[in-house]
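**Q** structure for this input, please:
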Amino acid sequence: MRKILWVVIVTILASLIIVPVVYWEIEENQNDMLQPLQVYLSNSWNHDKYNQTYMEIWNKTRDLDEISRFSRYGNYSVLITLHAYACGGDWFAEWFVAASTIEPSNDGLIHQILLRLNDGNLTVVKSYQESHSLNFTSVEDGKNMAGDSIGESVDWLSARNTKYVMYGPFLLVFLSPCDLGTTVIVNLNTGRIVLAAFGVWMGHGYLIYPERTAKMGE
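**A** Here you go, the predicted structure:
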């Protein structure tokens, strides 16, 4: 009887010591897992009303399984931006959350993920994940890639109002639709396109990469 009592007491004491340690380690790993090095908020449209939306978007997406799994590859940066497929007359747009690891993970690759979010309720429409070899790319080459990715009969690179902005590993190329516009994100760590989308002022643009869609908002 005493032996059984002693076993029970030892088991209880051991659980009191081990369980908090295990819980603390799990909680610590989860906290580390979800923290990017940088979150860049690209207000290309320059509207104050979007400033609050950026953080609302990140707060909604940071705990998603897609981001949680992605973050296990290592340190990463995030870029949040808005693309309007149509902005003259009817408005139709999507938000994009792009993330890229800063350096190669244990498998030697740079990993990137892109989330499309509905502009109305900020829910995820679709997610895309890719992995590529490290391939540092110059800003100039990134600009050329952005122009090639659109493939329309517009000289995007020489358009006067085209904006080129660096956000960590990302090069954002943005031209407001007037009449035609574009949003392109290039990952300069891989020399690959993350996002390419086309916009039309009085019409309907479409997503070009990572997939081709029909005219959006019709």
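**Q** which other helices and strands contact the helix or strand containing residue 174?
**A** Per DSSP states H and E, residue 174 falls inside strand 170-175. On a contact count with 3 or more CB pairs under 8 Å, 6 or more residues apart in numbering; DSSP states H and E, strand 170-175 meets strand 76-86, helix 139-150, strand 163-167, strand 180-187. C-betas here are computed from N, CA, C, even on glycine.
**Q** tell me what angle that strand forms with strand 180-187.
**A** Angle of strand 170-175 versus strand 180-187, following axes from the mean of the first three to the mean of the last three CA atoms, to 10 degrees, is 180 degrees.
**Q** contact partners of strand 170-175?
**A** With CB atoms under 8 Å, 6 or more residues apart in numbering as the test, strand 170-175 has contacts from 40, 42, 44, 77, 79, 81, 98, 100, 139, 142-143, 146, 156, 159, 161-166, 181-188, 194.
**Q** try it again with 6 Å
**A** 42, 44, 79, 142, 146, 159, 162-165, 181-186, 188 (CB atoms under 6 Å, 6 or more residues apart in numbering).
**Q** out of those, which are buried?
**A** In the contacts of strand 170-175, burial by neighbour count holds for 42, 44, 79, 142, 146, 162, 164, 181-186, 188, counting by 16 or more other CB atoms under 10 Å.
**Q** could I get those in CSV, plus columns for distance to residue 131 and pLDDT?
**A** Below are the buried ones among the contacts of strand 170-175 laid out as CSV (distance: CB to CB, whole Å; pLDDT from 0 to 100):
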residue, distance to residue 131, pLDDT
42, 24, 82
44, 27, 70
79, 18, 95
142, 19, 93
146, 21, 89
162, 30, 85
164, 26, 91
181, 30, 87
182, 26, 90
183, 23, 94
184, 20, 95
185, 17, 97
186, 16, 97
188, 16, 97
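**Q** of all the residues you listed, which two lie farthest apart?
**A** Of all pairs drawn from the buried ones among the contacts of strand 170-175, the one with the longest distance (CB to CB) is 181 and 188, at 22.1 Å.
**Q** and stretch 104-116, which residues are buried?
**A** With the criterion 16+ other CB under 10 Å, stretch 104-116 contains buried residues 104, 105, 109, 110, 111, 112, 113, 114, 115, 116.
**Q** so who does the third one touch?
**A** Put plainly, it is residue 109. The contact partners of residue 109, taken as CB under 6 Å, 6+ apart, are residue 131.
**Q** in the sheet, who's paired with it?
**A** Beta-bridge partners for residue 109, by DSSP bridges, are residue 133.
**Q** and it, how far is that from residue 129?
**A** Remark: distance between residue 109 and residue 129 (CB to CB, to the nearest Å) = 11 Å.
**Q** all helices for the chain, in order.
**A** Under the criterion DSSP state H, helices of the chain are mapped to 2-33, 51-61, 65-71, 139-150.
**Q** least confident of those helices, on average?
**A** When the helices of the chain are ranked by mean pLDDT, helix 2-33 comes last with a mean of 42.
**Q** now, which of the buried residues of stretch 104-116 lie within strands?
**A** In this view, the buried residues of stretch 104-116 that belong to strands under DSSP state E are 109, 110, 111, 112, 113, 114, 115, 116.
**Q** turn those into a markdown table, columns for pLDDT and distance to residue 89.
**A** Below are these laid out as a markdown table (pLDDT from 0 to 100; distance: CB to CB, whole Å):
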| residue | pLDDT | distance to residue 89 |
| --- | --- | --- |
| 109 | 97 | 44 |
| 110 | 98 | 40 |
| 111 | 97 | 39 |
| 112 | 97 | 34 |
| 113 | 97 | 33 |
| 114 | 98 | 28 |
| 115 | 98 | 28 |
| 116 | 97 | 23 |
